[in-house]
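**Q** For reference, the sequence and a predicted model appear below.
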Amino acid sequence: MFATGIENSIPTINHGKTRIDQMESSGHYERWREDFDCVQEIGINYLRYGPPIHRTWLGPGKYDWEFADLTFADLRRREITPIMDLCHFGVPDWVGNFQNPDFPQLFATYAGAFAERYPWVQLYTPINEMFICAVFSAKYGWWNEQMKDDRSFVTALKLIVKANVLAMIEILKRRHDAIFIQSESTEYYHADSPAAIGRAEVLNQMRFLSLDLNYGRRVESGMYEFLTDNGMTREEYHWFLEHRLKQHCILGNDYYKLNEHRVFADGRTVAAGEVFGYTEITRQYYNRYRVPVMHTETNLWEGPHGDEAVKWLWKEWANVLRLRNVGIPTVGFTWYSLIDQIDWDTALREQNGNINPLGLFDLDRKMRNVGKAYKQLIADWRNVLPASSVCLVVPIKKLSEHDDHDAAGRDLDETRLAGE
């Protein structure tokens, strides 16, 4: 599947009293029909997308589905299959942050309500980039709770992953063939010197924590000690081992130039740029989890010459083809995002209004060079890939194969009889 994502599915980041809403800053609330036109213009049939959580989830059991009803009805009419992104990086103010012990059950109820209303939706990413969300919120002090200690990080991590697992359980109750595409950042830490090897090894174990817990895989002994030393109980740990839903999942992984890190003897890290690259790092994750892979995010600035992003697209696509050619089941590729992003150069920590030229289209909805290249790539490869012997065919139902429901998933015949 060829996919893109609307960058505005990053709904909210809390900074004290400041809330950054990318859907609003990009104009998506007013121009969503144009944005869906852009998706179709490229030739994309899959869209990573979700309703704005802070405008939709108003309180326990309280929802405003108006915008979601409009947009999802239109996606269905266009036969654009959504990969449902329910929580990207932030939560509504009333939830607080990822230190709230009630968050997992609250979020699971929200996910169940969504699946109840839109039963035709099959593909889900309940919580996006769980590891990055916990690191940026509770390790770096950037987002949400803005904490910087190991105990806060472990608390955020275990609650985020538990929320993701509980959400999958609730969705499966309503859609037994739901498929969950984990969009998780794939990382690697390179030791700068022999003195940095120990720290790099710890970080290279830590990078797997969110997926280990999510897939019910036992962590290394050092990581078990780290988790329990920082507040995870044995019962909490065993809960993840006992709720294994890996068989319903695709390992969606994200790769950018910033995903590889150089570690120094004093523990400092800096971005290393592309050293191993997507193929090698994805091979490490696949060998660990043995589930189908999808490249769920990548991008690069268009650059002063206008072709830097085009070259990066070609390189990432070549990496995806290499994975398939060596027998790793790879089912999709995503350029993220559809429209240019705003203030990602400061990781949303500042509201400067800086336009980051990372999209397939600019904010005026004019196609960038990388958009033209992606459109051509899709046209060239769409009919070739399904014939490959290593292609895994994911059992996705076409939207036209579902029963006749309205945007909220209600049977039209029943609603007519009820006089609606």
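**A** Happy to help now that I have it.
**Q** and the spatially closest residue to Tyr46 that is not a sequence neighbour, helix, strand or coil?
**A** Leaving aside its chain neighbours, Tyr46 sits nearest to Ala3 (3.9 Å; criterion: Cβ to Cβ, 6 or more residues apart in numbering). (Glycine included, C-beta is placed from N, CA and C.) Under the three-state scheme (DSSP: H, G, I helix; E, B strand; the rest coil), Ala3 adopts strand.
**Q** if I pick Ala3, what's in contact with it?
**A** The neighbours of Ala3, taking Cβ atoms under 8 Å, 6 or more residues apart in numbering as the test, are Ile44, Tyr46, Leu47, Arg48, Ile83, Thr296, Gly332, Phe333, Thr334.
**Q** out of those residues, who's nearest Tyr224?
**A** Thr296 (28.2 Å; Cβ to Cβ).
**Q** got the residue ranges for the strands in the stretch 1-150 of the chain?
**A** Using DSSP state E, counting those that start in this stretch, the strands of the stretch 1-150 of the chain run over residues 2-5, 14-15, 18-19, 46-49, 57-59, 62-63, 81-87, 123-127.
**Q** For the third one, give the mean pLDDT please.
**A** Just to be clear, that refers to strand 18-19. Averaged across strand 18-19, pLDDT comes to 66.
**Q** show me where the stretch 1-150 of the chain has helices.
**A** 22-25, 28-42, 53-56, 66-78, 103-117, 130-138, 150-174 (DSSP state H, counting those that start in this stretch).
**Q** now the strands: where do they sit in the stretch 151-300 of the chain?
**A** 179-185, 188-191, 249-254, 260-263, 269-271, 293-297.
**Q** wait, which of those is closest to Arg217?
**A** strand 249-254 (11.9 Å).
**Q** Can you list the buried residues in the closest one?
**A** By 16 or more other Cβ atoms under 10 Å, the buried positions in strand 249-254 come out as Cys249, Ile250, Leu251, Gly252, Asn253, Asp254.
**Q** Confidence-wise, which helix or strand of the chain is lowest on average?
**A** helix 412-417 (a mean of 44; mean pLDDT, DSSP states H and E).
**Q** surely Thr296 meets Ser183?
**A** Yes: Thr296 is within contact range of Ser183, at 4.2 Å (criterion: Cβ atoms under 8 Å).
**Q** Quick check: neighbours shared by the two?
**A** The contact lists of Thr296 and Ser183 share Arg48, Thr125, Gly252, Asn253, Asp254, where a contact means Cβ under 8 Å, 6+ apart.
**Q** Backbone dihedrals for Gln122, both of them.
**A** phi -110, psi -30 (degrees, to the nearest 10).
**Q** Understood, closing this out.
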